[in-house]
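Q: after the sequence you'll find the predicted model.
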Amino acid sequence: MTRQKTSPLPRLNISAAKKTPVGDGKNFEATVRRFTGPLQMKNLGCGYIELAPGKKGWPYHLHYGNEEMFLIQQGTGLIRYDDEMYEITEGDVIYTPAGDGTAHQIINNSDQPLCYFAISTLQIPDICHYPDSRKYGAYYQDGTDDGIKSFIAKESSQVDYFEDEEDN
């Protein structure tokens, strides 16, 4: 008995994925090739990161809702994990669970590109904490087709839960 095909194989070659630059052009500089949207993934985030020499991709952070895994494909660098530095190299598989004590940041301290896959559980909404800058980020979808949205604020901007609710 032959099984009826329901759809073509979801597949995208790395070289065909759109390159999107991220960073501030100073300390943070990377190129991301995203697979989640093009492959219509529902519960899995996946991107291929090309981290420029001497740069970081993202600030030191942790997720309260998402687990992440990094598969180092090319190059060497460092990962800062829970305020400790560890060397990373091609072939390493790194797991960062969700929750306190799991802040992480990949750093390319070499003069060659550092390339890796970043895979996440894609739990939306997600809350991130950025310990170095004392910020929090809320990542969510609001029902539009605009993708994932974010709201980032400093801890010092906190307000009381009932502030400005007198007339509501």
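A: Sure thing, it's come through. Numbers count the residues shown, from 1 in each chain.

Q: grab the most central residue of this protein for me.
A: residue 118 (6.8 Å; CA atoms, centre = their mean).

Q: ok, and the closest non-adjacent residue to that one?
A: In space, and not counting its chain neighbours, residue 118 is closest to residue 47: 5.1 Å by CB to CB, 6 or more residues apart in numbering. C-beta: built from backbone N, CA, C; applies to glycine.

Q: the one you found reaches residue 38, doesn't it?
A: No - counting by CB atoms under 8 Å, residue 47 does not reach residue 38; the two are 10.8 Å apart.

Q: please identify which of those two sits among more neighbours.
A: Using other CB atoms under 10 Å as the criterion, residue 47 and residue 38 rank with residue 47 on top: 20 against 15.

Q: for the more buried one, which residues are in contact?
A: 32, 33, 34, 35, 36, 117, 118 (CB atoms under 8 Å, 6 or more residues apart in numbering).

Q: repeat that with 6 Å
A: Residues in contact with residue 47 (CB atoms under 6 Å, 6 or more residues apart in numbering) are 32, 34, 118.

Q: am I right that it is in a helix?
A: No - under the criterion used here (DSSP: H, G, I helix; E, B strand; the rest coil), residue 47 is strand, not part of a helix.

Q: so what's it bridging to?
A: Beta-bridge pairing for residue 47 (DSSP bridges): residue 34, residue 118.

Q: how near is it to residue 5?
A: According to CB to CB, to the nearest Å, residue 47 stands 28 Å off from residue 5.

Q: residue 41 too?
A: From residue 41 to residue 5 the distance is 20 Å (CB to CB).
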